[in-house]
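Novice: Sequence unavailable; structure follows:
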């Protein structure tokens, strides 16, 4: 069985080969864009942003594994083989790292981390007090999939009053559940810190717009770790300038990399990170994909498959 990989630089291929040799010794692992590998020999791929048309070149391809939780970097190619299943990256490590980043961001907004960083850069000693603790702060998570659920659990463990919004109601102990368009306004109105972890679909694009941001409580913070297309940047900046919003942590952008002239880089109330919120270790990703391929070979139902009807 042949597995081709494209995630990170090609120089990392020996590390991937070593990891898959441990977890799936029967797999022969190569690089996606290696011209010496016959296209008809390829059974599986694990990819991030394959070049348009590349996946359609493999006539015997059986399964596509995304090296990330999202799949839009695959489905944006109009030629991707639609008869094949795409499995999203949903390792325990992916969810754990996302939850860590969301918790870090929520605490950073709560405790004025950006203000501290700015003062340090200016060598300015600025004493200030934090108005409330996590136990008095309501966090709302847009999207309660694998990543959202783990984030909710960790935030709740820290002490935040946690709720989530999704297409259908979810049963998570201690997490208040909101669902559907009719409950979105009430969910936003109770979210002192709003976390976006939604999939990128036509229905969710631009969901963080002037109308929805205005529904947040005065002084709310925003964390976007989903996709750049969810956020209306102009509306965010307006909310920060007016004082309605107190700060933001942004890990995703449109386009990426974030252009050097973007005002987001320089804004005193925004922390920018380069799409690193939930990058699982190579070991975790190799283990997960090896397990998925083994389950596929046994004819089992696969987890975390892309649903073209839902768009995620």
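Specialist: Great, that's in hand. Given the structure is predicted, the values throughout are model-derived calculations rather than measurements.

Novice: who are the neighbours in contact with the nearest residue to residue 246 once chain neighbours are set aside?
Specialist: Leaving aside its chain neighbours, residue 246 sits nearest to residue 219 (4.6 Å; criterion: CB to CB, 6 or more residues apart in numbering). For the C-beta atoms, the positions are set from N, CA and C on the backbone; glycine is no exception. Listed by CB atoms under 8 Å, 6 or more residues apart in numbering, the contact partners of residue 219 are 192, 243, 244, 245, 246.

Novice: from those, which would you call buried?
Specialist: Neighbour-count burial (16 or more other CB atoms under 10 Å) applied to the contacts of residue 219 gives 192, 245, 246.

Novice: from the residues you listed, which single one is nearest residue 272?
Specialist: residue 245 (15.6 Å; CB to CB).

Novice: From what I see, that closest one and residue 214 are in contact.
Specialist: No: look at residue 245 against residue 214 with CB atoms under 8 Å: they stay out of range, at 9.7 Å.

Novice: Give me the common contacts of the two.
Specialist: Overlap of the contact sets of residue 245 and residue 214 (by CB under 8 Å, 6+ apart) consists of residue 239.

Novice: quick one: average pLDDT of stretch 3-11?
Specialist: In this model, stretch 3-11 carries a mean pLDDT of 97.

Novice: Buried residues, it. List them.
Specialist: Across stretch 3-11, burial judged by 16+ other CB under 10 Å covers 3, 4, 5, 6, 7.

Novice: what's that stretch in contact with?
Specialist: Stretch 3-11 has contacts (CB under 8 Å, 6+ apart) with 13, 16, 20, 24, 27-34, 37, 42-50, 67, 282, 285, 289, 293.

Novice: what about that stretch, distance to the chain center?
Specialist: The chain centre lies 20 Å from the centre of stretch 3-11; the measure is CA atoms, centre = their mean, to the nearest Å.

Novice: when you give positions from now on, start the count at 7
Specialist: Let's use 7 as the start, then, which means that last one is stretch 9-17.

Novice: From the opening residue of it to its closing one, how far?
Specialist: Start and end residues of stretch 9-17 are separated by 17 Å (CA to CA, to the nearest Å).

Novice: now stretch 246-260
Specialist: 19 Å.

Novice: Can you classify residue 123 by secondary structure?
Specialist: Assigned with DSSP: H, G, I helix; E, B strand; the rest coil, residue 123 falls in the helix class.
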